[in-house]
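1. Sequence first, predicted coordinates after that:
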Amino acid sequence: MNTKKNISIILMLAILMLSIGCSSKMDTSESIQPALLSFKSADINMAEDFSEIICTDNRSGRFLIFGKLDTDEYCGYITDAQFKDKQYFTFTPSENETVRTAALMKYGNTAVLSVSEDDTMIYTYNNECVLRNTFNIGEVLTEDDIYTSIICDEDGFYIDIDHQRLVFIDKDGNYQGEVDTNSKDICGLSNDAEGVPCVLLSSDVDTYLCKLSGGSITDEVSCGELASYVNSISPGCGEYTISAVAAGGLFGLNGNKWEKITDFSDNDFSTQYIREVEMVSKEEFVIFLNSDGQGAKMRLLTQRDISEIQQKKIIQVALTYGGNTDPYTDLIKKYNSDSENYRVEFVDYYNEDDEEEYNQLRLDIISGKAPDIILFSPYCPVSSFGDEESIFVDFYELIDNDSEISRDDFIDGFLETMETKGKLLQLNPAFFIETNMIKTKYANGLTSWNPRNFPDVVKKIPEGMEFSLESQLLDKTEMFFKLVDHYQFISEDRSKCNFDSEEFVELLKEIKELDIGVSDGTYTGGVSRDTSAAISTFRNDEVLTLNEGIRCFYDYKLCEQVYSGEELTFIGYINDDELNARSHPNQTFGIMANSDNIEGAWDFLKFYMFQKESLNEPHFYGIPGMKKLFDELIHDQTIQEYYYFAPGSSTPDKFELQPFTDEEAEKIESFVLNALHNSSQADHTIDSIVREEIGAYFAGEKSAEQTAEYIQNRVEIYLSEIY
């Protein structure tokens, strides 16, 4: 066994040596990005005059704020970068007229775009804010169009309609048709730094900045990849042609390359809430935030003094999800803003191929180059490192030496589910439960399934009822995973396995003989696994069982009060231990033992994990492991609403989810603690081995005994090499 482990380590080191120069984080072939800036944020008082801001614009150092005043009058403020003195014009729409947007023209002129029944209108004002022209451009916009923007030049006007159509109106107000975008998607309209009208287009992952003239695209520059979505673009300045708020931050286009200017990680807002951005200078920006019913919000962003940032120690966190999404959630932003000593930054490992992504992270962990905080996954489980006790920090030591938190703060059995060889090398504040459920009236008095009683349950299914919704959609291999917890055949410390046991062989034979699941190529459609179908089929007794995940007490209420509507039994998985559910920690975090900032990493994770708001974070959505939060949520007396659309119905049924009684809460707590005693953490390699071999068995390529033997040998070798 030791020989195998040594060979495995040698091979891993060989791969590491070959891969060091290929890390996406270290690729010197790519252009070097400038350091990200950090911005202070201040409200722009001028915006407080508006009850609703419709749009902003800037051109040649002049800024437009257009919207509705508290008096319900539409108004445009024209000001400079100081946002103190202003000129203004007012606009009063007719009775059936809807104001859509406005824009700055050359020489301080402005334009307002509106729609009135079948007519689209453009109004222009001169630099003294006096109405100059009124153009009826015909049926261009409709009341159903949601998003519109307009830019102007000496030739006329360009209008972006829902990012679907780009139309041109000449300077005399005549509609000239749609601009041909060569089948590319429209991201936004803006003048560039020199005042030339431009449209930003995208195709697949690439973007293109196109100049506009005379109603046509006259110049197209390929700019490479930006993001999965773009909120807003605006004129640039300095070396930037335009600026853009997109997924992940604020960007500037330098030549034909996007440079990230900031990720807003030090601010109290996320990119998704920014509607428009205006670049004042490279160090100053104006942003217009969604008001969310709290009044108009405009902020002036000013670059922080670098000394403010350097005073904080950086905590690096491995980013392994999301691609172009913003990893700086509200809770992380709050930490960065409030902490006097530390600041969180992400190191991006994201790759569309999960296995490749975690291979890179694994290599950095082994080589000692990983960030301070890393995320484990089925592709990179904590126990898959031969010497993990020396690689990762033991959270038990941090908890035991912390005056604010102790082991007693967690529910019984929770921390133990994340142990590795008696040490707590990984941590997550929440967990979720998976189980199979059955209406009690069909359970025949059973509270759990075992290999002996399960066949009788299947054979006694009432006529006209299917075993489950999943069994009509999934093949026998996937149904085996739904019904059997294969991790019960691996020891708790993952040092050995017993897939060659008589029990595992019998389970294989049962699933095949009972014909649970579709055969390859036999599914012809007509059944779907969506929430509506799941509720309808189970509630109306069309299926016997349903496999469901419970991530919070709200989900538990859904199962009992909506999916079932009557007494329910969580029957669990087929096993001899009478365990009626299994639990899993959510994606866990670890701290590198060689980190120079263990104290800071722990300070951040404590803040990030152990408060009520933590359960809204993408990694932590689940049932809390902290006793205080667990008790608070299980005894919450709020009546929650759920709306369900029955198949074919356009009118929802409303359910009022009732809080748990004390007796029900006690029963649920027992169910949850029971599930914690049947906890497992997925390992992608083990899952793949089992899935591959039992797939061959259900395809008739080998016997159940051969299948069990092959799984045993392959998993045993893997465990000896890795664990």
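-> Okay, I see it.

2. And the residue nearest to residue 638 when sequence neighbours are not counted, how far from residue 258?
-> Nearest non-adjacent residue to residue 638, counting by Cβ to Cβ, 6 or more residues apart in numbering: residue 659, 6.6 Å away. Where C-beta positions appear, they are placed from N, C-alpha and C, glycine not excepted. According to Cβ to Cβ, to the nearest Å, residue 659 and residue 258 sit 50 Å apart.

3. gap between the residue nearest to residue 638 and residue 619?
-> 27 Å.

4. Comparing the two, which residue is more hemmed in?
-> residue 619 (18 against 15; other Cβ atoms under 10 Å).

5. helix, strand or coil for that one?
-> With DSSP: H, G, I helix; E, B strand; the rest coil as the basis, residue 619 sits in coil.

6. Could you pull up the residues touching it?
-> By Cβ atoms under 8 Å, 6 or more residues apart in numbering, the contact list for residue 619 reads 375, 428, 586, 587, 589.

7. could you redo the last one with a cut-off of 6 Å?
-> Neighbouring residues of residue 619 by Cβ atoms under 6 Å, 6 or more residues apart in numbering: 586, 587.

8. I'd guessed residue 425 sits against residue 390; true?
-> No. Using Cβ atoms under 6 Å, residue 425 makes no contact with residue 390, being 10.3 Å away.

9. Same drill for these two, tell me which one is more crowded.
-> residue 425 (24 against 9).

10. Quick check: the gap between that one and residue 682.
-> 17 Å.

11. again with residue 389
-> Applying Cβ to Cβ to residue 389 and residue 682 gives a distance of 22 Å.

12. again, but for residue 279
-> 46 Å.

13. So for these two, which residue has more residues nearby?
-> A direct count of neighbours by other Cβ under 10 Å for residue 279 and residue 682 places residue 279 higher, at 22 against 12.

14. surely the more buried one meets residue 243?
-> Yes. Between residue 279 and residue 243 there is a contact under Cβ under 6 Å: 4.5 Å.

15. Identify the contacts common to these two.
-> 234, 236.

16. contacting residues for residue 393?
-> Neighbour list for residue 393: 591, 593, 598 [criterion: Cβ under 6 Å, 6+ apart].

17. rerun at 8 Å
-> 425, 590, 591, 592, 593, 595, 598, 601, 602.

18. try residue 677
-> Residue 677 touches 413, 579, counting by Cβ under 8 Å, 6+ apart.

19. What residue spans form the domains of the chain?
-> If you go by automatic domain parsing, the domain ranges for the chain are 2-27+312-427+587-621, 43-238, 431-586+631-722.

20. okay, how far is it across the longest one, tip to tip?
-> Start and end residues of domain 431-586+631-722 are separated by 25 Å (Cα to Cα, to the nearest Å).

21. how far does it sit from the chain's center?
-> The chain centre lies 26 Å from the centre of domain 431-586+631-722; the measure is Cα atoms, centre = their mean, to the nearest Å.

22. Show the average pLDDT along it.
-> What domain 431-586+631-722 shows for mean pLDDT is 89.

23. re earlier: make a markdown table out of the domains of the chain and add distance to residue 304.
-> Shown next, in a markdown table, are the domains of the chain (distance: least, Cβ to Cβ, whole Å):
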| stretch | distance to residue 304 |
| --- | --- |
| domain 2-27+312-427+587-621 | 11 |
| domain 43-238 | 17 |
| domain 431-586+631-722 | 34 |
